[in-house]
Every structure is written in structure tokens, then in C-alpha cells.
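Engineer: Next input, structure requested:
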Amino acid sequence: MKLSGEDLPRHLASGLKPLYVIHGGALLLSIEAADAIRAAARAAGYGEREVLTAEQGFKWAELRNSAQSLSLFSSRKLVELRIPSGKPGVEGAQALQDYCQQLNADTVTVVSLPRLDKAAQGSKWFTALEAQGVVIASEEIALNALPAWIAGRLKRQGQSAGADTLAFLAEKVEGNLLAAYQEIQKLALLFPAGPLSFGQVKDAVMDVARYDVFKLSEAMLAGDTARYARILDGLRAEGTATVLVLWSLSEDIRALAKVSGAMQRSGNLAGALRDAKLWGARQKLVERAVRRFSPTIAERALRQAAHVDKVVKGLRPGDAWDELLQLGVRCARAKTV
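Structural biologist: Sure thing, here's the model as predicted:
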């Protein structure tokens, strides 16, 4: 069975299948598909989860053993197999074919792959996965189809926009789904449900182009307190919403907390970054910043962010911009002893 990411929620509502295969070059869509399957598995009582990454040196027997072994506390299990290279090799190819013949209803398996070429999609191992599982292709959205995709995402958060506005936004993100996702989330933070005007969307996009809350977060991660204070002053002078600034900072603080905690447990930085779903330049910034952050420091930063959130919402007294300055500077100056 082949499904699009848009059809997946309706499919999951009717019940889970034992095997799902996610492949394609659109990282955002792949992440969302995997998240949706995880949520459905949790709701259906699959209380145990194990993640396997088939990198160099991976023992393929682990896949079979993982599916067959359940903890004392769970009768159902979610197994996630990630093949970053998209090339399982001779042993892996045979293991995948054998695995497809041993599926059972107590284990849901999710196989995650990158974009596959025609030869890989015609291989015996992929054909076996395709025959026994549900395949979700996460391909990039064509530029001419992007306005409709943006419209669908706006509808999810109770907003809408005209054709000219959708075309403008699609052009500004240049076909980048991750950039489009960030812009759409920002519109939900800045404006209430209902129709969005061209002026609202244009001003929101141009604010990021000129003042860039994400550059503010970069300065915090890089430990550049002077740059952080300068960008924050610029955002304040131009009337940027404090809720948007806090959202950007909190996203990276949560990522730091997650990676730092995983590092303490396993000592595997690469695995911790991968599990936190970080990519590109942001991954590199968090990778450098996490060396300054212990789990204790990260937890303290999360508590401070929660306090700032209450100030921003008017639930506690204080100057929101001063609180944002203190939060970012403290994180920028953090140092693990």
C-alpha cells in the first residue's frame, strides 16, 4: 500500500499495520510521518519503543531480536529502523526480506530511508518491504504546488489566505519546506484564527528577513552575548512580538536539554543529535553549545524560560524584554564545570 503524508492520518485512524516504510528527500515530511505513527502506536497501547540505526558495524540480528523480545511491562512494541545511507548491504538486504516474512500484530516496525534512486526502489529488499508494508513517500513539494500545501497547513491552525498571499509566501521560502513550516508556525503565533491579509503575511516575512529571531537564537547558542544583546535591541525597537522571540529561544533550549540528557545517558553525541531531529546549521550550533551545557544547566534554563513565558503572558510581573535578555545571556554564558 502506498500513501501520501496527507492521507496518513486518515489511515492511522482506522488502525495500525505491522510495517511502515518512510522514504524521500523531504526531511520535514518524513519526520511528521514518523511522529504520526509514533503517536498512533502510543494511543493503541504499544508501550515499548526501540530505535535501531543501521550504520557501519550494525548487527542485523538486532532487528530480529528486537521484534521478538518484549519487556515485562509491555505486550506491544514499536521498532524504528533507520538506514541513513539507504543501502543495507548484502546482509541487510537479506535480513529485511526475512523480516518481512515474520511480521506480527504485537510489533509495529517503521523503516526510515532517505531518497532512493530507481535501482534501490527496484531491489528485492525494497520490493519486499513494499509488498508487506505501508509505504509513505516524502518527496519535496513542487514550487507550483507549494501554495496549495501552505493553504492546507494554514487550515490546520484555523487560518486562511488568498491566492496572491499564498504565492508570495511560497516564493519567499523558495520551495524550502522547513522554511515554510517555520513561517506558518510563526503566523499562528502572531495572528488569531481567520483570514490573513497580504499585508500581515508580508510584514511577518519581512520582519524575519530584517531582524531574524533565528539569528538571535544562533547568537545565544554560539555564546556571543554582545551579538545577542544587539539583535534583541533591534527586535524590540521594531516591535517584534515577545511571544515569537521566546518561542525561538525555547525551541533551542529544549533541543539542548534533550541532547544534553541523552549525552549523559549514552555518551553518543551523534545519536543524541539525530534523535533530537536536528539538521543543517542548527545541528552544528547545538553540537557546539551542548558542550557547555550539563543536564542541570539545561533544566535550569527551561525553568527560566517557563518563568519568562508567564511574564510575557502577563501572569507574573516584570519586563518581558529584560527577562528575554537575562535568559539569552545566561544561556550564552553557560559553562559546564
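
Engineer: So which bits of the strand or helix carrying residue 330 are buried?
Structural biologist: Assessed by DSSP states H and E, residue 330 sits inside helix 320-332. Neighbour counts over helix 320-332 (16 or more other CB atoms under 10 Å) mark 320, 321, 323, 324, 325, 327, 328, 329, 331, 332 as buried. C-beta coordinates here come from the backbone N, C-alpha and C atoms, glycine included.

Engineer: how near is the second one to residue 17?
Structural biologist: Residue 321 sits at a distance of 50 Å from residue 17 (criterion: CB to CB, to the nearest Å).

Engineer: same deal with the last one?
Structural biologist: Here residue 332 is placed at a distance of 47 Å from residue 17 (CB to CB).

Engineer: same thing with the first one?
Structural biologist: Remark: distance between residue 320 and residue 17 (CB to CB) = 47 Å.

Engineer: Who are the contact partners of residue 301?
Structural biologist: 253, 256, 257, 293, 327, 330, 331, 334 (CB atoms under 8 Å, 6 or more residues apart in numbering).

Engineer: Could I get the CA-only coordinates of the helix or strand harbouring it as CSV?
Structural biologist: Element membership of residue 301, judged by DSSP H and E, is helix 295-312. Below are the C-alpha coordinates for helix 295-312, written out as CSV (Å, rounded to 0.1, in the frame of the first residue of the first chain):
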residue,chain,number,x,y,z
PRO,A,295,21.6,18.5,32.1
THR,A,296,21.4,20.6,35.3
ILE,A,297,22.2,23.8,33.4
ALA,A,298,19.7,22.9,30.7
GLU,A,299,16.9,22.2,33.2
ARG,A,300,17.6,25.5,34.9
ALA,A,301,17.3,27.3,31.5
LEU,A,302,14.0,25.5,30.8
ARG,A,303,12.6,26.7,34.2
GLN,A,304,13.7,30.2,33.5
ALA,A,305,12.1,30.1,30.0
ALA,A,306,8.8,28.9,31.7
HIS,A,307,9.1,31.9,34.0
VAL,A,308,9.6,34.3,31.1
ASP,A,309,6.6,32.8,29.4
LYS,A,310,4.4,33.8,32.4
VAL,A,311,5.9,37.3,32.3
VAL,A,312,5.2,37.5,28.5
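
Engineer: next one: phi and psi at residue 55?
Structural biologist: Torsion angles at residue 55 (phi, psi; degrees, to the nearest 10) stand at phi -110, psi -170.

Engineer: no, scratch that, I was asking about residue 24
Structural biologist: Per degrees, to the nearest 10, the backbone of residue 24 is at phi 140, psi 170.

Engineer: residues near it, how many?
Structural biologist: Neighbours of residue 24 under the rule other CB atoms under 10 Å: 18.

Engineer: Residue 55 too?
Structural biologist: 12.
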